[in-house]
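Visitor: Next one to model:
(chains A and B)
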Amino acid sequence: MAFATSSRSPTRAIGNPSRGPLRGMPVSIGLCCMWIAIVIFIGLSATWLAPYDYTHQDPLARFARPFVSAAHWFGTDYLGRDVVSNLLVATQTTLMIALAGSLICALIGTSLGLIAAHFGGWMDNAIMGFADAMAAVPFIIVALSVLAFFGTSPLLFVFLVGFANWERYARLTRGLVLSAREEGYAEAARIVGVPAMRIYLRHMLPNIAGPLIVQFTVNFPEIILLESGLSFLGLGIQPPETSLGLMVADGRTYLAIAWWLAALPGAVIVLTTLSISLLGDYLRDRLDARLR
Amino acid sequence: MTAFILARFLRAIAVLVFTVTLVFIVLRLTGDPAQQMLSDNAGPEALAAFNEKWGLDRSIPEQYLYYVVNALRGDFGVSFADGREVFTVVAERIPKTLVVTVSAFILSLLIGIPAGILAAVRRETALDKSVMAGAVLGYSVPNFLLGLVFIFVFAVWLRVLPSSGSSTWNHAVLPVATFALFNAAAIARFMRSTLIDVLGQPYIAAARADGIPYWDVILRHALPNAAIPMVTTIGFVAGGLLGGSALIEPVFAWPGLGSGFVNATNTGDLPVVQAMIVLFTAFMVAINFSVDVLYAVLNPKIRKH
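Guide: Numbers count the residues shown, from 1 in each chain, chains lettered A, B, ... in the order given. The predicted structure follows:
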């Protein structure tokens, strides 16, 4: 938010101030967008970009220091594996899981919120009661319990990560739908006989999308943090697959002799979550201003 | 107010019973405990003896009663890992977690609340911006990573503090610092936004117009009104302490409940896992109940009923 408040100062704007979407955008937000673009590009093309197979071991070139040789830009790890390649694939994995998790979360949350708003009564109470209960327990505890009982499998893991914080979407959607129902367009559509489902999906959803998108930008970094946390504990992504949290966990053992093994994936996590959070804050301020 | 507190108390009990029941059901769904605990080539007599010993040969409702009665007595069976009583395994970890979480919690209040107040009062200044930048970093940096950074700086590089273990007080410094900074960021952020909301209220403008000194307005008029929403937030932070300990304690090899829970999860030590889930739920329920009560005590709108 500290950066978003500076959006009003014209000195920090980039580009021609009269030019559409970039108008008044602070440099920090521009940098965030740039990093997000890089990460998305990595997510799409990591396997082609990677100079080596990330599982390829080279015991003679173990612990090569970063930024020294052109063969291994970011050095190598304790098995002589190329860190750049591992980092690219790990970023891709983490991003895919976070994306799938966020979409599942948005889908579950908005559907349940819609159902609660549509039916009201005991259904509303039941869903919102469940939402309150979920919000009261730290999700990492729930996740660890589920993993303890059912073991780790990639599919379960994605769904588990997607189940985190669904209650926020549910509350938001419920509130938005209830207030949207009071507005003229929904009533008008209902009177001319548009079915309820179509009103919700075709008429209301586009109108309430703004806050939901902002919620997505809040949720996405949290899911990255959850994924990397669980993988860090050895309960998420399992080797030979790789993820940013797993890389940090791997590098942790060699902190004293090879700092880059934990620092580089850690930096990617922080830069990504930071960029998305700042962009989210900025978007929220912009959307709020437009609503005012 | 008594009725309100009583209702909240009953709800807390209901949540606890629900969780205990859920844990029981899930545990029975995940397979035969005898086969999980005994080796693969255990004979049918051994399985039968095991089932009889733990009452697993009875009907499900009977087993449930047996389980609840034992849980109430603190008896959760024995750990799969080393055959010790689950109660002892869990109980010996509680003080370790309390030391870290309670001191970190107090420290985070001492840092977060003043930082948030200053940021709100000196809004849009460099002070406000640095507090907010710290808060943004606080929710972007994973807590285990912050722990690793601390280990790297203070244990590997400066060599002034131990990186893992719990034998001396020095060992507690880094886990407490990681925990406290993390929570302080969240508290400062909420304190700031709550206070800014309150400062925008008409009664603050009225108090200012009356000529009451600025800091008097902040301390006597704004802060008490900001306290009510803050209680909820601080309750959330307190409730998150155990979740945080699951990530922070393993980083520092701190032998508390968090690392115990992660170990038990990794090794599939289900009796320990279920005892901890019940304990964590009891803790969360207690926190939420205290928040509700505090809320009622602080808020005159509820107090007068």
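
Visitor: For residue A:79, which three-state class applies?
Guide: Secondary structure state of residue A:79, per DSSP: H, G, I helix; E, B strand; the rest coil, is coil.

Visitor: Give me the three-state assignment for the spatially closest residue to it that is not a sequence neighbour.
Guide: Once flanking residues are discounted, residue A:79 sits nearest to residue A:57: 4.5 Å by Cβ to Cβ, 6 or more residues apart in numbering or on different chains. For every residue, glycine as well, the C-beta is placed using N, CA and C. The three-state label given to residue A:57 by three-state DSSP is coil.

Visitor: tell me the pLDDT at residue 166?
Guide: You didn't say which chain, so I picked chain A. Residue A:166 is assigned a pLDDT of 89 by the prediction.

Visitor: let's do chain B instead
Guide: 77.

Visitor: just checking, it touches residue B:249?
Guide: No. Contact criterion Cβ atoms under 8 Å: residue B:166 and residue B:249 do not qualify, at 9.5 Å.

Visitor: shared neighbours of the two, anything?
Guide: residue B:255 (Cβ atoms under 8 Å, 6 or more residues apart in numbering or on different chains).

Visitor: Does whichever residue of the stretch 1-150 of chain B sits closest to chain A lie in a helix or a strand, and which?
Guide: Of the residues in the stretch 1-150 of chain B, the one nearest chain A is residue B:132, at a distance of 3.5 Å by Cβ to the nearest Cβ. Assigned by DSSP states H and E, residue B:132 falls within helix B:126-140.

Visitor: Would you mind pulling up the elements that that helix packs against?
Guide: Packing contacts for helix B:126-140, counted by 3 or more Cβ pairs under 8 Å, 6 or more residues apart in numbering or on different chains; DSSP states H and E, involve helix A:2-5, helix A:260-291, helix B:94-121, helix B:170-199.

Visitor: Among those, show me which one is buried the most.
Guide: Ranked by mean neighbour count under mean count of other Cβ atoms under 10 Å in any protein chain shown, the helices and strands packed on helix B:126-140 are led by helix B:170-199, which reaches a mean of 22.

Visitor: that older thread, neighbour count: residue B:166 and residue B:249, which is higher?
Guide: When residue B:166 and residue B:249 are compared for neighbours, residue B:249 comes out ahead with 28 against 18, by other Cβ atoms under 10 Å in any protein chain shown.

Visitor: my guess is the more buried one meets residue B:258, correct?
Guide: Yes. The criterion here is Cβ under 8 Å, and residue B:249 meets it with residue B:258 at 3.8 Å.

Visitor: could you list every residue that touches residue A:253?
Guide: So residue A:253 contacts residue A:78 (Cβ under 8 Å, 6+ apart).

Visitor: picking that back up, right, so of the helices and strands packed on helix B:126-140, which gets closest to residue B:299?
Guide: Residue B:299 sits nearest to helix B:170-199 of all these, at 14.1 Å, using Cβ to Cβ.

Visitor: Can you give me the distance of residue A:124 to chain B?
Guide: Between residue A:124 and chain B the distance is 18 Å, computed by Cβ to the nearest Cβ, to the nearest Å.

Visitor: and the nearest residue to residue B:291 once chain neighbours are set aside, what is it in contact with?
Guide: Spatial nearest neighbour of residue B:291, excluding adjacent residues (Cβ to Cβ, 6+ apart): residue B:235 at 3.5 Å. Residues in contact with residue B:235 (Cβ under 8 Å, 6+ apart) are B:287, B:288, B:290, B:291, B:294.

Visitor: out of those residues, which are inside helices?
Guide: Residues of these located in helices (DSSP state H): B:287, B:288, B:290, B:291, B:294.

Visitor: Counting neighbours, which of the residues you listed comes out on top?
Guide: residue B:288 (23 neighbours).

Visitor: For the host helix or strand of residue A:28, list the C-alpha coordinates in CSV.
Guide: Per DSSP H and E: residue A:28 is located in helix A:27-49. Output in CSV follows, covering the C-alpha atoms of helix A:27-49 (Å, rounded to 0.1, in the frame of the first residue of the first chain):
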residue,chain,number,x,y,z
VAL,A,27,7.4,2.8,-11.4
SER,A,28,7.2,0.1,-8.7
ILE,A,29,4.0,-1.3,-10.2
GLY,A,30,5.6,-1.2,-13.6
LEU,A,31,8.5,-3.3,-12.2
CYS,A,32,6.0,-5.7,-10.6
CYS,A,33,4.2,-6.2,-13.9
MET,A,34,7.6,-6.8,-15.6
TRP,A,35,8.5,-9.5,-13.1
ILE,A,36,5.1,-11.1,-13.3
ALA,A,37,5.5,-11.1,-17.1
ILE,A,38,8.9,-12.8,-16.8
VAL,A,39,7.5,-15.4,-14.4
ILE,A,40,4.5,-16.1,-16.7
PHE,A,41,7.0,-16.5,-19.6
ILE,A,42,9.0,-19.0,-17.5
GLY,A,43,5.9,-20.8,-16.6
LEU,A,44,5.0,-21.3,-20.3
SER,A,45,8.4,-22.2,-21.6
ALA,A,46,10.6,-23.5,-18.8
THR,A,47,11.2,-26.8,-20.4
TRP,A,48,12.5,-25.2,-23.6
LEU,A,49,14.5,-22.5,-21.8
